[in-house]
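# I need the structure of the sequence given here:
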Amino acid sequence: MTQRTSDGSAGDVDYGDIGGTYAQFRQPDPIIEAQIHRALGDAETVLNVGAGAGSYEPTDRQVTAVEPSQSMRAQRPSHLVEAIDATAEDLPFPDNSFDASMASVTVHQWSDLEKGLSEMRRVTIGPVVLLVCDPQLMHDYWLSDYIPEVRAVEAGRFPQISRIVDALGGKVEVEPVPVPLECSDGFNEAYYGRPERFLDPAARLACSSWSLVSEEAVDRFVTTLSSDLESGEWDRKYGHLRRQAFFDGPLRLVIGRCD
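Predicted structure coming up:
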């Protein structure tokens, strides 16, 4: 049985502790959103698993949302459906209940990846669409030069893409998800060309991996990055990213289709 915190969170962090301002920083980016919605095809009914505060849920279809964290459910905007308190590993729906299903940057929080994906397959007629990160690409980013602990934590949490593909079975496509420079979804790669954003503690906390490293490492990061921004050292090394329209990092869209 999935272990859950008092907040209901089912992963390795308690969103009751860190998720209070999550929705403020993790707004769906329209470019990424369009790619996800294309992958959903013409589905009229969509299940969103680990739905959080509702990022990337389509508003032009009938959506059912599942989210175990009470804090996350409470932050869902009023125009979205109320989320059901349940976990990916035990979806409370009959077989073939939905035309499509989706899960956005959540599989690393599941206690049993294979069981969760099997459940999504069970209740879905058409495509299963997953927004994930490729752990093998996690260190190809300047943040690793400043706080490798965060990137190591993230790389250790996300399952290998090959494992996801194997668990989904059937026909599976993997697409890169380029991140736009002004990305409105505040995951770590969203600030590739806006390093100053990482100096905001609330912005950092909207990425759960920051809560899993020591305060000493975070303090060192803030001191070093602040100094390099003031001296111009960061810009000498990475200033070109401030003008780079997209960053192709570890973000991937995995689309499982029925045979």
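
# following the helix or strand where Asp166 lies, which helix or strand shows up next?
According to DSSP states H and E, Asp166 maps onto helix 161-168. Tracing the chain past helix 161-168, the next element assigned as helix or strand by DSSP H and E is strand 171-176.

# Can you list the strands that that following strand pairs with?
According to DSSP bridges, strand 171-176 forms sheet pairs with strand 251-257 (antiparallel).

# Averaged pLDDT, the partner strand. What do you get?
Across strand 251-257, pLDDT averages out at 97.

# returning to that earlier point: for the helix holding Asp166, which residues meet the burial criterion?
161, 164, 167-168 (16 or more other CB atoms under 10 Å). For glycine as for every other residue, the C-beta is placed from the backbone atoms N, C-alpha and C.

# Render the CA-only coordinates of the host helix or strand of Leu47 in CSV, please.
Leu47 belongs to strand 45-49 when assigned by DSSP H and E. C-alpha atoms of strand 45-49 as CSV (Å, rounded to 0.1, in the frame of the first residue of the first chain):
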residue,chain,number,x,y,z
THR,A,45,-12.4,12.5,-21.8
VAL,A,46,-9.0,12.9,-20.1
LEU,A,47,-7.7,11.6,-16.8
ASN,A,48,-4.9,13.7,-15.1
VAL,A,49,-2.9,11.6,-12.6
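
# how about the strands in the stretch 1-150 of the chain?
45-49, 62-66, 100-104, 128-133 (DSSP state E, counting those that start in this stretch).

# so which of these gets nearest Asp228?
Smallest distance to Asp228 across the strands of the stretch 1-150 of the chain (CB to CB): 25.4 Å, for strand 128-133.

# quick one: the closest one to chain centroid distance?
Put simply, strand 128-133 sits 9 Å off its chain's centre (CA atoms, centre = their mean, to the nearest Å).

# Show me what that strand is packed up against.
The contact analysis (3 or more CB pairs under 8 Å, 6 or more residues apart in numbering; DSSP states H and E) places strand 128-133 against helix 30-39, strand 100-104, helix 113-123, helix 161-168, strand 251-257.

# residue contacts, the closest residue to Arg157 other than its chain neighbours?
Nearest residue to Arg157, sequence neighbours excluded (CB to CB, 6 or more residues apart in numbering): His108, at 4.2 Å. Counting by CB atoms under 8 Å, 6 or more residues apart in numbering, His108 touches 11, 132-133, 157-159.

# Was I right to think Gln62 contacts Val46?
Yes. Counting by CB atoms under 8 Å, Val46 is a contact partner of Gln62 at 7.1 Å.

# Report the buried members of the contacts of His108.
With neighbours counted by 16+ other CB under 10 Å, the contacts of His108 contain buried members at 11, 132-133, 157-159.

# quick revisit: give the rounded mean pLDDT of the helix holding Asp166.
Average pLDDT, helix 161-168: 96.

# hang on, the earlier thing: which of the strands of the stretch 1-150 of the chain sits most buried?
Of all the strands of the stretch 1-150 of the chain, strand 100-104 has the most neighbours on average by mean count of other CB atoms under 10 Å, namely a mean of 27.
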